[in-house]
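J.: starting from these lines, generate the structure:
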Amino acid sequence: MSLASRLASTAVALAAATSLMAAPASAIQNAPIASDALSNTVARITSDGTGYTGVCTGAAISATEILTARHCVETTTPRSVTAPDGSVLPVTSYRKGNDSDVAILTLGRAWTGSIAQTTTAPTQNGQTLTVYGKGGPTDGVTRKATATVLFNEQSTSASNLYDAHLAVGNIANGAHMIQGDSGGPLFNAQGEIQGVTSGLITTGGEMAGIESGIFINPLSLDPSIFTSTANIPVRPSNPGTTPTNPGTITPQPSPTNPDSGNTETGSSLDAASIIGIITAVISLLGVLGGLASQFGLI
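T.: Here you go, the predicted model:
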């Protein structure tokens, strides 16, 4: 069986069952915490699912754009990204790749870290890439490992969940990707993002010879993502309430009370109210005068 056929036959299971979204574990297990300059471009993405919160990884490619995986926005709604300095920035919209597992998020506030460069140069067999991930329970932890492109064949089988053209990468030195690392950037030797992490390769079956593998999505397979304007807006998660987290989308003010035709602030009294008040005061003075006479106070 050809490699292209093997990729096609396993694509659905890998994309659905091992999509690398939220799991309570350290990102890129058995790999060191990243402290290099490129790690300052990496973002942790938080999304809302049905009854759960999703986590993915991404990287800033401009002051207001985060590159990530398309499957990170397919079944969940991206809400915010956390920058390396801890700043939480709102996601206002996103757009998805046409033919591959890539997406770009638009931020409502400027990114506070460094900006990464991208390239649409295709990956090559034997090429070494550096992969980053921010999966796991700790926002501030970024880990990295190296990956070697083993096979660079493309599969356009209908069985592939995203019609993604995927290269196969191998993570060396005992490190391996886990859920929450999806969308993590793959940097080439020039420090450019050449692709994103799409899925985890299981160690059984015809892929048994791979030490710890991932599916990667080269940006060369869907360059139109960078010029597309088909953005999908993100709505506030709790409209009408005051946000409690920094960077969340502020809801619009409540409309004017429909029961009042007066748009000015303050209050006013009509003539009938004024007359009623004067009458009550005169009556009260009369009562007090009678009591004063009775007790010889005047």
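J.: so where do the helices sit in this structure?
T.: For the chain, the helices defined by DSSP state H cover 3-17, 271-294.
J.: now the weakest link among those helices, please, by mean pLDDT.
T.: Looking at those, the lowest mean pLDDT belongs to helix 3-17 (a mean of 42).
J.: show me where pLDDT drops low in this structure?
T.: Judged by pLDDT under 70, the chain has its weakly predicted residues at 1-35, 138-140, 154-165, 202-209, 237-298.
J.: which residue ranges make up each domain of it?
T.: Domain assignment for the chain, taken from automatic domain parsing, gives 3-233, 270-298.
J.: who does I45 bridge with?
T.: Here I45 sits in beta bridges with C56, V81, going by DSSP bridges.
J.: my read is that it contacts L67, right?
T.: No - I45 is not in contact with L67 according to CB atoms under 8 Å; the separation is 10.5 Å. Just so you know, the C-beta spots here come from the backbone N, C-alpha and C atoms, and that holds for glycine as well.
J.: give the residues shared as contacts by the two.
T.: G58, G183 (CB atoms under 8 Å, 6 or more residues apart in numbering).
J.: tell me the contacts of G133?
T.: Going by CB under 8 Å, 6+ apart, G133 touches A27, I28, T57, T142, R143, K144, M177, I178, G180, D181, G184, T197.
J.: skipping its backbone neighbours, what lies nearest it in space?
T.: For G133, ignoring the flanking residues on the chain, the nearest one in space by CB to CB, 6 or more residues apart in numbering is D181 at 3.2 Å.
J.: quick one: T142 and T82 touch, right?
T.: No - using CB under 8 Å, T142 makes no contact with T82, being 10.5 Å away.
J.: who has more neighbours, those two?
T.: More crowded of T142 and T82, by other CB atoms under 10 Å: T142, with 25 against 19.
J.: gap between that one and D99?
T.: Noted for T142: a distance of 29 Å to D99, by CB to CB, to the nearest Å.
J.: show me where this structure has its strands.
T.: For the chain, the strands defined by DSSP state E cover 42-48, 53-62, 65-68, 77-82, 88-96, 103-107, 117-118, 128-133, 143-151, 167-171, 185-187, 192-200, 213-218, 232-233.
J.: burial of A83, as a residue count?
T.: Residues near A83, counting by other CB under 10 Å, number 25.
J.: before we move on, the earlier item: and the contacts of G133 as a markdown table, adding distance to R95?
T.: Formatted as a markdown table, the contacts of G133 follow (distance: CB to CB, whole Å):
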| residue | distance to R95 |
| --- | --- |
| A27 | 25 |
| I28 | 27 |
| T57 | 18 |
| T142 | 25 |
| R143 | 28 |
| K144 | 27 |
| M177 | 25 |
| I178 | 27 |
| G180 | 22 |
| D181 | 22 |
| G184 | 19 |
| T197 | 19 |
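J.: going by distance to T130, which of these wins?
T.: Nearest to T130 among those, counting by CB to CB, is K144 at 5.8 Å.
J.: hmm, that closest one is touching S39, no?
T.: Yes - using CB under 8 Å, K144 makes contact with S39 at a distance of 6.7 Å.
J.: pick out whichever of these two has more residues nearby.
T.: Legend: neighbour count by other CB under 10 Å for K144 and S39, higher for K144 (23 against 20).
J.: can you tell me who that one pairs with across the strands?
T.: The partner residues for K144, given DSSP bridges, come to Y132.
J.: ok, the closest residue to K134 other than its chain neighbours - contacts?
T.: Nearest residue to K134, sequence neighbours excluded (CB to CB, 6+ apart): R44, at 4.0 Å. When contacts are counted by CB under 8 Å, 6+ apart, R44 touches V55, C56, T57, V81, T82, K134, D139.
J.: can you check G195 too?
T.: By CB under 8 Å, 6+ apart, the contact list for G195 reads T123, L129, A167, P185, L186, I216, N217, P218, L219.
J.: quick one on the thing from earlier: residues shared between the contacts of T142 and T82?
T.: By CB under 8 Å, 6+ apart, T142 and T82 have these common neighbours: K134.
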